[in-house]
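Peer 1: here is my input; please provide its structure:
(chains A, B, C and D)
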Protein chains: 2
Amino acid sequence: MPDTPALGLRDRKRIETRLRIETAAVEIVTAEGLDGATVDMISDRADISPRTFFNYFESKEDAILGTQDMGEVQRAIDAGVAGAETDDLVVAIVSTMFHIFGPMAARTQLKTQRMALVQEHPRLLSRQIHQFTQLNSTMAAAVVQFLNKRETTLPRDPEHVAEIAVATCVASVRIAVKEWIAAGATADIDSMYLRAIGLTRETLNTLQ
Amino acid sequence: MPDTPALGLRDRKRIETRLRIETAAVEIVTAEGLDGATVDMISDRADISPRTFFNYFESKEDAILGTQDMGEVQRAIDAGVAGAETDDLVVAIVSTMFHIFGPMAARTQLKTQRMALVQEHPRLLSRQIHQFTQLNSTMAAAVVQFLNKRETTLPRDPEHVAEIAVATCVASVRIAVKEWIAAGATADIDSMYLRAIGLTRETLNTLQ
DNA sequence: AGCAATAATTGCAGAGACTGCAAAAATGCA
DNA sequence: TGCATTTTTGCAGTCTCTGCAATTATTGCT
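Peer 2: I've put the predicted structure just below:
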């Protein structure tokens, strides 16, 4: 794990500004609702001009959701799925998703508040799904690696199977997250993780 | 099947106008791209004022995607999943989806063109997923009915299992549709249906 | 046919999201 | 310090979408 390669003032400021915008966005939307929050208000609170807002985010929704550093996500996925010790695909996929989002959910108020907003506003949910679409195909690619590594015979269409498998796990995790938020976001992350796996298993049994 | 309950001129015109807007939207977007098509252009071609456009659709994307009559969908779902002869849940769900969308895809150029647009433009895809979200919970409710009817033991969380099962099947169908479109949208619908079921099965085997 | 109730269409004014462009400010580096 | 590179900002403009009130069309009734 390479440590921060000595960011200059310029980059540190950029990162800080981005975080300030995300925070302002989540706070104002929480207080005023999705339509009540305008880009002007968010920019105001983040101490930037409205024009600068759009240098950082493509849309209001993106600022609320934040944007993943895709390089980082890529690394987490490769480490998680491809390098999993288990032979169980469900465990590999779900645990990887929690490696990406678990630590993210871990401490900060910002992330938890954001998850709650996503549950509350369908528009945000659909934007998030949109964001995750590319992430899903990255994950599916890693799943294909995983399948190749496993001793069992390959399915006929590894790419497609991987995509569907990911979709199934994503649905389970989504429900686990929803329950976790509904219960006050206080339970620990591990229980959410186990819950997601349990739900997937139950579904597989039922479908077969 | 009750036949049309004698629609008056008013309703017939409304239906016709709606179709004219949907058609204009799909045609112009196909020709000019998603951003190249404006509401003004679409309204122009559909022979209505831009203001009227928004009496029919909430957004440009909605007009392109069209909107399902949710009552009709509800009936199809109940008939399909709840009234399925099979004991196989996958078959029940997938065949229901094709009862809803199969006939829709059947002949008209509009529907096929629309599916192609959805493949092409991620923004449309995410909006469609958004539209389908409520449809998914309707479907999940029907799946719960189905599970109750079956002799096998109920899973612990029927609602959640149903939701995940639907998500899995939706992913399979989505891939089957994508392949179908990619192959020129010429193959018959049944092959697409069988393909979706096959993909689901393959995934279940792999996951377990 | 004529008339009143109801519904659909439209224009208008305006808010808000977002973009391109070019000037101004901040930062990095020699 | 002075020059090159980034970042921020203002401005003007386009487009989506909404509320409101006037106009027009449809319907049911007499």
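
Peer 1: OK, contacts around A:Glu120?
Peer 2: If you count contacts by Cβ atoms under 8 Å, 6 or more residues apart in numbering or on different chains, A:Glu120 has none. Using the backbone N, CA and C atoms, a C-beta is placed for each residue, glycine as well.

Peer 1: burial measure for the residue lying closest to A:Ala46 once chain neighbours are set aside, as a count.
Peer 2: Excluding its sequence neighbours, the residue lying closest to A:Ala46 (Cβ to Cβ, 6 or more residues apart in numbering or on different chains) is A:Ala24, at 4.1 Å. Neighbours of A:Ala24 under the rule other Cβ atoms under 10 Å in any protein chain shown: 22.

Peer 1: which stretch of helix or strand covers A:Ala24?
Peer 2: helix A:9-32 (DSSP states H and E).

Peer 1: list the helices and strands that helix packs on?
Peer 2: The elements that helix A:9-32 packs onto, with contact taken as 3 or more Cβ pairs under 8 Å, 6 or more residues apart in numbering or on different chains; DSSP states H and E, are helix A:39-46, helix A:50-56, helix A:60-65, helix A:109-120.

Peer 1: now those in a markdown table, with distance to A:Leu199 and mean pLDDT?
Peer 2: Output for these, formatted as a markdown table (distance: least, Cβ to Cβ, whole Å; pLDDT from 0 to 100):
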| stretch | distance to A:Leu199 | mean pLDDT |
| --- | --- | --- |
| helix A:39-46 | 36 | 98 |
| helix A:50-56 | 36 | 98 |
| helix A:60-65 | 24 | 96 |
| helix A:109-120 | 17 | 89 |
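
Peer 1: of all these, which one comes closest to B:Arg114?
Peer 2: helix A:60-65 (24.3 Å; Cβ to Cβ).

Peer 1: look up how far A:Ala141 lies from A:Pro158.
Peer 2: 10 Å (Cβ to Cβ, to the nearest Å).

Peer 1: so the nearest residue to A:Thr96 once chain neighbours are set aside versus A:Thr67, what's the distance?
Peer 2: Distance criterion Cβ to Cβ, 6+ apart; nearest residue to A:Thr96, sequence neighbours excluded, is A:Gly80 at 3.0 Å. Applying Cβ to Cβ, the value for A:Gly80 to A:Thr67 is 20 Å.

Peer 1: more crowded one of the two?
Peer 2: A:Gly80 (21 against 13).

Peer 1: which residues sit in contact with A:Val144?
Peer 2: A:Val144 touches A:Pro158, A:Glu159, A:Ala162, counting by Cβ under 8 Å, 6+ apart.

Peer 1: so for the residue in chain A sticking out farthest from the centre, what's the pLDDT?
Peer 2: For chain A, the residue at maximal distance from the C-alpha centroid (Cα atoms, centre = their mean) is A:Thr153, at 31.0 Å. Note for A:Thr153: predicted pLDDT of 86.

Peer 1: pop out the phi and psi values for it.
Peer 2: phi -70, psi 150 (degrees, to the nearest 10).

Peer 1: now do the SS call for A:Lys84.
Peer 2: Actually, residue A:84 is Ala rather than Lys. coil (DSSP: H, G, I helix; E, B strand; the rest coil).

Peer 1: just give the nearest non-adjacent residue to it, would you?
Peer 2: A:Ala92 (3.9 Å).

Peer 1: for A:Ala116, same thing?
Peer 2: According to Cβ to Cβ, 6+ apart, the nearest residue to A:Ala116 is A:Ile181 (5.5 Å).

Peer 1: hang on, that neighbour packs against A:Met115?
Peer 2: Yes: under the criterion of Cβ atoms under 8 Å, A:Ile181 makes contact with A:Met115 at 5.7 Å.

Peer 1: quick one: check the longest helix seen in chain A for contact with DNA strand D.
Peer 2: Ranked by residue count, the top helix of chain A under DSSP state H comes out as helix A:122-149. No: judged by Cβ under 7 Å from any atom of the strand, helix A:122-149 stays clear of DNA strand D, getting no closer than 10.6 Å.

Peer 1: after that helix, which helix or strand is next? Please name it.
Peer 2: helix A:158-182.

Peer 1: which elements pack onto the next helix or strand after that following helix?
Peer 2: The helix or strand immediately downstream of helix A:158-182 is helix A:189-207, counting by DSSP H and E. Using 3+ Cβ pairs under 8 Å, 6+ apart, the elements in contact with helix A:189-207 are helix A:89-106, helix A:158-182, helix B:89-106, helix B:158-182, helix B:189-207.
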